[in-house]
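In: Model the structure of this input:
(one chain, ligands or ions: 1)
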Amino acid sequence: MSMRERIFVAKPKLAGNERKYVLDCIDSNWISSSGKYISAFEEAFASFCGVKHAVATNNGTTALHLALVGLDLQPGDEVIVPDVTYIATANAVRYCGATPVLVDVCPGTLNLDPQKIQDKITPKTRGIIPVHLYGYPAEMAAIQEIAQKHNLWVVEDAAEAHGAEILGKKVGGFGQCAIFSFFGNKIITTGEGGMITTNDDTLAAKLRLFRGQGMDPNRRYWFPVIGYNYRMTNIQAAIGLAQMEEVESALLARENLAKWYNEALANLEDKLILPQSMSLVKQVYWMYTIFLKNGSETSRDEIIQFLDGQGIETRPVFYPLHRLPPYESNALYPVADSWAGKGINLPTHLDVTQEDVAYIANCLKQIV
Ligand SMILES: *Cc1c(COP(=O)(O)O)cnc(C)c1O
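Out: Numbering: from 1, shown residues only. The predicted structure is shown next:
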């Protein structure tokens, strides 16, 4: 074990007005789900994404569920979901009694492959949930074209992609709505928290209704529908607003970190596949992800263990959903199967220094 301080894979940065705004909540007694920070955070986030509405929730998973409730997803319906994603994407579909239909992903980005969607569409299909995995934007133009042709809605799962862009337009405004997460390891955080963005006035009003237990906004304790308590607190929003004040510099710092990794790992390019960059999209580095060119899931796990012993925390790329017990399937997902097991997320947060990157690259060189 080295004497260095352990390098975590992710870590929040709370160096701005977070403390000041949280203390303001406590000093003013506004600690629950009313208060000025909620609307301020929602407005700041909507303007950041270039959309009309942002509806804050208590986490990203409830944001997803609420979005699907808002779109009237019903038991028996089907929704297209990429095979490689965090499990919440598929779980939210199940919460509605609907079925997530898994579709294979693209090599390199592990994002939903538009070419493989068509075959999975049935008369029961209602929508598509592309995920901007690890901050790399999904192929929205092709996905939207398919959706339009089959009269499906699109919900972007942008939980990992705050600030990512396609042709200069930020994610969050491409589908009927989009969801974001502010969990502690995400690009910006509120501890736990989520957001739905949309340009649709009617949908936004419906999301607010269902978020607040279904209570009629003009008639207290009158409930026309069965809603949920998915509200964010003023304290969470206070942290969120402070995070928004720093989001541009946080994204730049992550881009810089990715450059350091690209340079430090360039001499391992016969062993590793580094993140691709494309001219038409701007990826945000939620996780700087590498793939082993050769090797297997076993050798990947050995590398993760070796790095752990050197004081470097990393993570395996998500297991394909079709391999997890709740979503087990023997349909074929060749790209997910060949890529996911060889992927490693390296430490990606604002306290990783250029010296840390050199150390990580050195340790990787010893083992790959
Ligand atoms: C984190 C995440 C979520 C869920 O967000 P929580 O805030 O953890 O509930 C959903 N989808 C993806 C792709 C995520 O990474």
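In: quick one, helices of the stretch 1-150 of the chain?
Out: 18-28, 36-49, 60-70, 88-95, 140-149 (DSSP state H, counting those that start in this stretch).
In: so, in contact with the ligand or not, the third one?
Out: Yes - shown here: helix 60-70 in contact with the ligand (Cβ under 6 Å from any ligand atom) through 60-61. Bear in mind the C-beta positions are built from the backbone N, C-alpha and C, glycine included.
In: Report the inter-axis angle for that helix versus helix 88-95.
Out: Relative orientation of helix 60-70 and helix 88-95, computed by axes from the mean of the first three to the mean of the last three Cα atoms, to 10 degrees: 40 degrees.
In: and helix 60-70, average pLDDT?
Out: Over the span of helix 60-70, the pLDDT mean works out to 98.
In: Kindly check the end-to-end length of stretch 335-348 for me.
Out: From its first residue to its last, stretch 335-348 covers 25 Å (Cα to Cα, to the nearest Å).
In: How about the contacts made by V55?
Out: Shown in contact with V55 (Cβ atoms under 8 Å, 6 or more residues apart in numbering): 42, 63, 66, 195-198, 204, 207-208, 211.
In: Could you point out which of these is nearest to the ligand?
Out: Nearest to the ligand among the contacts of V55: A63, at 7.4 Å, using Cβ to the nearest ligand atom.
In: Provide a list of residues in contact with the closest one.
Out: A63 neighbours (Cβ under 8 Å, 6+ apart): 55, 57, 179-181, 194-196, 230.
In: Could you check how far it is from E156?
Out: To E156, A63 is 11 Å away according to Cβ to Cβ, to the nearest Å.
In: For I273, give me phi and psi.
Out: phi -100, psi 120 (degrees, to the nearest 10).
In: Find residues that contact each of A63 and E156.
Out: Residues touching both A63 and E156 (Cβ under 8 Å, 6+ apart) are I179.
In: which one of the helices of the stretch 1-150 of the chain lies closest to K120?
Out: Closest to K120 of these is helix 140-149 (Cβ to Cβ; 10.5 Å).
In: Buried residues, stretch 350-366. List them.
Out: Judged by neighbour count using 16 or more other Cβ atoms under 10 Å, the buried positions of stretch 350-366 are 352, 356-357, 359-361, 363-364.
In: Now for the contacts of V55, which sits with the most neighbours around it?
Out: Counting neighbours by other Cβ atoms under 10 Å, A63 leads the contacts of V55 with 34 neighbours.
In: Could you measure from it over to Y228?
Out: 11 Å.
In: Over to N59?
Out: According to Cβ to Cβ, N59 and Y228 sit 12 Å apart.
In: Pick out the residue of the protein closest to the ligand.
Out: Closest to the ligand within the chain is G60: 2.4 Å, counting by Cβ to the nearest ligand atom.
In: For this structure, what lies in contact range of the ligand?
Out: Checking the chain against the ligand by Cβ under 6 Å from any ligand atom, the hits are 59-61, 85-86, 88-89, 131, 157, 159-160, 181, 183, 194.
In: export these to a markdown table and tack on neighbour count?
Out: A markdown table is the format used below for the residues of the chain next to the ligand (neighbours: other Cβ atoms under 10 Å):
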| residue | neighbour count |
| --- | --- |
| N59 | 21 |
| G60 | 27 |
| T61 | 23 |
| T85 | 26 |
| Y86 | 18 |
| A88 | 23 |
| T89 | 26 |
| V131 | 26 |
| D157 | 30 |
| A159 | 29 |
| E160 | 25 |
| S181 | 30 |
| F183 | 20 |
| G194 | 29 |
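In: Mind checking which of these land in strands?
Out: Under the assignment DSSP state E, the residues of the chain next to the ligand contribute 157, 181, 194 to strands.
In: Excluding sequence neighbours, find me the nearest residue to the second one.
Out: Beyond its immediate neighbours in the sequence, the residue positioned closest to S181 (Cβ to Cβ, 6 or more residues apart in numbering) is G60, lying 2.7 Å away.
In: OK, contacts around that neighbour?
Out: Neighbours of G60 in contact, by Cβ under 8 Å, 6+ apart: 88, 159, 179-183, 186, 193-194.
In: same check, this time on Y21
Out: 37, 238-239, 241-242.
In: okay if I get the contacts of G60 as a markdown table plus pLDDT and distance to F8?
Out: A markdown table is the format used below for those (pLDDT from 0 to 100; distance: Cβ to Cβ, whole Å):
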| residue | pLDDT | distance to F8 |
| --- | --- | --- |
| A88 | 98 | 22 |
| A159 | 98 | 19 |
| I179 | 98 | 25 |
| F180 | 98 | 22 |
| S181 | 98 | 18 |
| F182 | 98 | 18 |
| F183 | 98 | 14 |
| K186 | 98 | 14 |
| G193 | 98 | 20 |
| G194 | 98 | 23 |
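In: Closest one of those to P107?
Out: Looking across the contacts of G60 and measuring by Cβ to Cβ, the closest to P107 is A159, at 22.2 Å.
In: pretty sure the closest one is touching F182, no?
Out: No - A159 is beyond contact range of F182, at 9.0 Å (criterion: Cβ atoms under 8 Å).
In: so what sits against both of these two?
Out: Here A159 and F182 share the contacting residues 60, 194, scored by Cβ under 8 Å, 6+ apart.
In: OK, contacts around Y288?
Out: 257-258, 261, 275, 345-348.
In: next one: R315
Out: 9, 287, 304, 344-345 are the contacts of R315 under Cβ under 8 Å, 6+ apart.
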